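A.B. asks: Give me coordinates for this.
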Amino acid sequence: MQPMALHSLSELERASLQEIALYKLQEKLLVGDLSLAKVRPKGTKSIRQKLESFSKEKKDSSPQTFGIPLHQVIANDRAYRQLQEAVRKSRRLCLEVEATVTRFRAQRQKSSPVGRSCGLVPCGVFPEEPLPPVFPDSSSRSQRRGAMSVDSITDLSDNASKLLEALQLSHPHELDPRRSLGKKMLSLNPISWQVPRIVDRCCKHIETHGLQTVGIFRVGSSKRRVQQLREEFDQGLDVFLDEQQSVHDVAALLKEFLRDMPDPLIPRELYSPFLSTASMEGPAQLGTLQLLLFLLPPCHSDTLHRLLSFLSQVAQHAQSSRGPDGQEIPGNKMTASNLATVFGPNILQKEKPGEKDAVAMDFEDSAAIILVLQRLIEHHETLFMVSPEMQLDILRRLFQTDPDVIDYLLRRKFSTMLSTLSEDSAEDHAPAPPPALTHTLERSSVSSDLYNRVSFLNLDIEI
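C.D. replies: Coordinates of the predicted model:
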């Protein structure tokens, strides 16, 4: 096995990874009787309910982006995209019908006798060639990442709150129907990437137009323009950020979104465990931070990963450099430490904003927050990867709880490994294995060599 990106794991694997990480952290005495339900979104609605409430015209317009839980922001974004897709599909169908009618009239006029023209088709006069059938364009549907079902909300346990707002369902043939009795199943497919539209667009705008802007995130912005952008996002509009938008306004908008979240990206229940890593050093610190990140709900984990990746790019342009012609390119002066100072209080919060102890932050805590977030920025690529050893722990865990899915997961991992090897061999100009050999390998190696020899799946730990 090779290291695997966290968001590439299936929903079932991520749920198992959360349980393993929690057990390991409790073994280290870093967390007490922490329940996974506490760090998960609460009170989530199904996508079907979101679509219905979004499509109804209401006099009281509730915010769509600011000041609401992250999973609701993502659900609002998805509902808006689905409505837009439905409108675009309807328009495409109308245009296709109109084009078909136009071609039919043109062919009828060409084949009709001279001097006979009327609104009705004359008896016995038909187009010489049959009209080609017109089918709806399905390219947009096939290109979408992670096809979504409105009924794909799943529970981690019977009495726990929902794992996240919207998950991808696996295909019926991938799961044993017997497992569907009694409780909803977790998907065997990766969970769709869950990053709010506002976060992704703000990051892309600054990555395109503001990496060399001196003092980004520290220079003041126009309150009026930021408020206008905020209201447009809150109304659910499709806000387009281009080069005409001030980089400082977009930076302030991103900070406001993170600041106004009722639940921070790192849940408050994990505030103390994260801060405890500030006193650690080297591999022990990074290993503990990684386990804590594995506890995050997928929507929080994906959004934090996108934000840390963006902040890492900003930090890489902190120092001045020389261009290809020798000209000096000024740096933005925002090192990882400076960025951690700006974003730390918004990502790691001990109390809710407005509470009596929220402002009085201990200086010791403030220094620890900056140090922890700096480590997250500097090592985000490694921290969001799942090692082969951890993947084996997941398989051992699933062999105890869901043995019927092991074969499918091993086949998928082996297929991914084959595709990676094929890409590497293509880069080295080596001939790819013939399809027949690949098919033989897939059948013999996976079934007999990996699945039948499951002695490595004997779990040595109790969870």
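
A.B. asks: who touches stretch 235-250?
C.D. replies: Contacts to stretch 235-250, defined as C-beta atoms under 8 Å, 6 or more residues apart in numbering, come from residues 54, 61, 64-65, 76, 80, 84, 198, 201-202, 204-206, 208-210, 213, 216, 219-222, 225-226, 229, 232-233. Backbone N, C-alpha and C define where each C-beta goes, glycine included.

A.B. asks: for the stretch 201-350 of the chain, what spans make up the strands?
C.D. replies: Along the stretch 201-350 of the chain, the segments classed as strands by DSSP state E, counting those that start in this stretch run 321-322, 328-329.

A.B. asks: mind listing what the last one pairs with, with the direction of each?
C.D. replies: If I follow you right, that is strand 328-329. Strand 328-329 has its sheet partners listed here by DSSP bridges as strand 321-322 (antiparallel).

A.B. asks: got any ranges where the chain has weak pLDDT?
C.D. replies: The chain contains residues with pLDDT under 70 at 38, 41-61, 112-184, 353-362, 417-463.

A.B. asks: any idea how far residue 216 lies from residue 208?
C.D. replies: Look at residue 216 and residue 208: by C-beta to C-beta, to the nearest Å, they are 13 Å apart.

A.B. asks: more crowded one of these two?
C.D. replies: residue 216 (23 against 12; other C-beta atoms under 10 Å).

A.B. asks: Backbone dihedrals for that one, both of them.
C.D. replies: Here is the backbone geometry of residue 216 (degrees, to the nearest 10): phi -60, psi 140.

A.B. asks: What of residue 237?
C.D. replies: phi -80, psi 160.

A.B. asks: okay, now it: neighbour count?
C.D. replies: Around residue 237 there are 12 other residues, counting by other C-beta under 10 Å.

A.B. asks: Spell out the residue ranges of the helices in the stretch 1-150 of the chain.
C.D. replies: 11-27, 47-55, 70-111, 139-143 (DSSP state H, counting those that start in this stretch).

A.B. asks: so which of the ones you listed gets nearest residue 345?
C.D. replies: Between residue 345 and the helices of the stretch 1-150 of the chain, the tightest spacing by C-beta to C-beta is seen for helix 70-111, at 17.4 Å.

A.B. asks: which strands and helices sit next to the closest one?
C.D. replies: Helix 70-111 sits against helix 47-55, helix 298-316, with contacts defined as 3 or more C-beta pairs under 8 Å, 6 or more residues apart in numbering; DSSP states H and E.

A.B. asks: by how many degrees do the last one and helix 11-27 diverge?
C.D. replies: What separates the directions of helix 298-316 and helix 11-27 is an angle of 80 degrees, with axes from the mean of the first three to the mean of the last three C-alpha atoms, to 10 degrees.

A.B. asks: Just list what helix 298-316 packs against, helices and strands only.
C.D. replies: For helix 298-316, the elements it packs on are helix 70-111, helix 197-209, helix 336-347, helix 363-378, helix 380-383, judged by 3+ C-beta pairs under 8 Å, 6+ apart.

A.B. asks: Would you mind putting these into JSON lines with distance to residue 253 alongside?
C.D. replies: Below are the helices and strands packed on helix 298-316 laid out as JSON lines (distance: least, C-beta to C-beta, whole Å):
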{"stretch": "helix 70-111", "distance to residue 253": "14"}
{"stretch": "helix 197-209", "distance to residue 253": "6"}
{"stretch": "helix 336-347", "distance to residue 253": "13"}
{"stretch": "helix 363-378", "distance to residue 253": "20"}
{"stretch": "helix 380-383", "distance to residue 253": "22"}
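
A.B. asks: out of the ones you listed, nearest to residue 5?
C.D. replies: In terms of C-beta to C-beta, the element of the helices and strands packed on helix 298-316 nearest to residue 5 is helix 380-383, at 9.5 Å.

A.B. asks: quick one: buried residues of the closest one?
C.D. replies: Buried residues in helix 380-383, counted by 16 or more other C-beta atoms under 10 Å: 380, 383.

A.B. asks: by contact count, what packs against the helix or strand just after that helix?
C.D. replies: Using DSSP states H and E, the helix or strand that follows helix 380-383 towards the C-terminus is strand 385-386. Using 3+ C-beta pairs under 8 Å, 6+ apart, the elements in contact with strand 385-386 are strand 4-5.

A.B. asks: contacts for the strand it packs on?
C.D. replies: 384-386, 391.

A.B. asks: quick one on the thing from earlier: please list only the buried members of the contacts of stretch 235-250.
C.D. replies: Among the contacts of stretch 235-250, those buried by neighbour count (16+ other C-beta under 10 Å) are 54, 64-65, 76, 80, 198, 201-202, 205-206, 209-210, 213, 216, 221, 225-226, 229, 233.

A.B. asks: Residue 349 reaches residue 264, doesn't it?
C.D. replies: Yes: using C-beta atoms under 8 Å, residue 349 is in contact with residue 264, at 4.5 Å.

A.B. asks: Check which helix or strand residue 391 maps to.
C.D. replies: Residue-wise, residue 391 maps onto helix 388-401 under DSSP H and E.

A.B. asks: State the distance from residue 84 to residue 91.
C.D. replies: Residue 84 sits 11 Å away from residue 91, taking C-beta to C-beta as the criterion.

A.B. asks: ok, now residue 397?
C.D. replies: Using C-beta to C-beta, residue 397 is found at 48 Å from residue 91.

A.B. asks: more crowded one of the two?
C.D. replies: Ranked by neighbour count (other C-beta under 10 Å), residue 397 and residue 91 place residue 397 first, with 21 against 10.

A.B. asks: Okay, domains of the protein per the record?
C.D. replies: 4-10+193-386, 45-150, 389-457 (automatic domain parsing).

A.B. asks: Quick one, which of those domains gets closest to residue 30.
C.D. replies: Across the domains of the chain, closest to residue 30 is domain 4-10+193-386 (C-beta to C-beta), at 5.1 Å.
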